[in-house]
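J.: model the following, please.
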Amino acid sequence: MSSQDNEVEYRVVAVLLVAVIVLVTGFAVGLGIHKSRGGAAKTVAAAPAAAAPAAVAAVASSDDASVVVENGVVKFYFASGKADLASGALVALGDAIAAAKAGKRLVLSGFHDATGDPAFNAELAKKRALAVRDALVGAGVAETSMELKKPEQTTGTGNDAEARRVEVTIAG
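T.: As a prediction, the model looks like this:
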């Protein structure tokens, strides 16, 4: 082997080592930020499954599906006219799933925005709540541990993206 071949191998090893150090440092910093914001909302945005399952961020006012855990309430936000769950839904539901399996009851409430046909919106809110219920059932939660509840105010507050949501709360 020539010295040039060894030099190339050393460069490859050095690049890999630097990449690992950057990844570990980034993970440590992200974990520190996450822990320092203990009461802050955890957001899991629609992203590939290989991405980190939870990151701290505010709810975007975009048309993408996302899921947020805030003060023990899991809030699923939906794209306009759709009932597709954001990736990372089961990660966000982890505490709710554990609570249901421990005998607690989950309450699912679907909201919708004020745009468009009210009857269509109400039906879409129900489909979204059923999509969340189906994800919980798929994770092993018994249907008898869940209650689909029409919220007192079906139209959500805030902007339209924040209004298109399903909330999962842990009842007693």
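
J.: now do the SS call for residue 95.
T.: helix (DSSP: H, G, I helix; E, B strand; the rest coil).

J.: separation between it and residue 119?
T.: Counting by C-beta to C-beta, to the nearest Å, the gap from residue 95 to residue 119 is 34 Å. Backbone N, C-alpha and C define where each C-beta goes, glycine included.

J.: then residue 144?
T.: For residue 144, the distance to residue 119 - C-beta to C-beta - is 29 Å.

J.: so residue 75 is in which element?
T.: If you go by DSSP states H and E, residue 75 is part of strand 73-77.

J.: hey, which helix or strand in the protein has the poorest pLDDT?
T.: Lowest mean confidence among the helices and strands of the chain (mean pLDDT, DSSP states H and E): strand 42-45, at a mean of 45.

J.: the helix or strand following that one pairs with which strands?
T.: Downstream of strand 42-45, the next assigned helix or strand under DSSP H and E is strand 66-70. Using DSSP bridges, strand 66-70 pairs in its sheet with strand 42-45 (antiparallel), strand 73-77 (antiparallel).

J.: CA atoms only for strand 66-70 - export them in PDB, please.
T.: The C-alpha atoms that make up strand 66-70 are tabulated as PDB, following Å, rounded to 0.1, in the frame of the first residue of the first chain:
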ATOM      1  CA  SER A  66     -48.800  17.400  13.700                       C
ATOM      2  CA  VAL A  67     -49.300  16.200  17.200                       C
ATOM      3  CA  VAL A  68     -48.500  18.100  20.400                       C
ATOM      4  CA  VAL A  69     -48.500  17.000  24.100                       C
ATOM      5  CA  GLU A  70     -49.300  20.000  26.300                       C
END
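
J.: show me what counts as buried in it.
T.: Residues of strand 66-70 classed as buried under the neighbour-count rule (16 or more other C-beta atoms under 10 Å) are 66-69.
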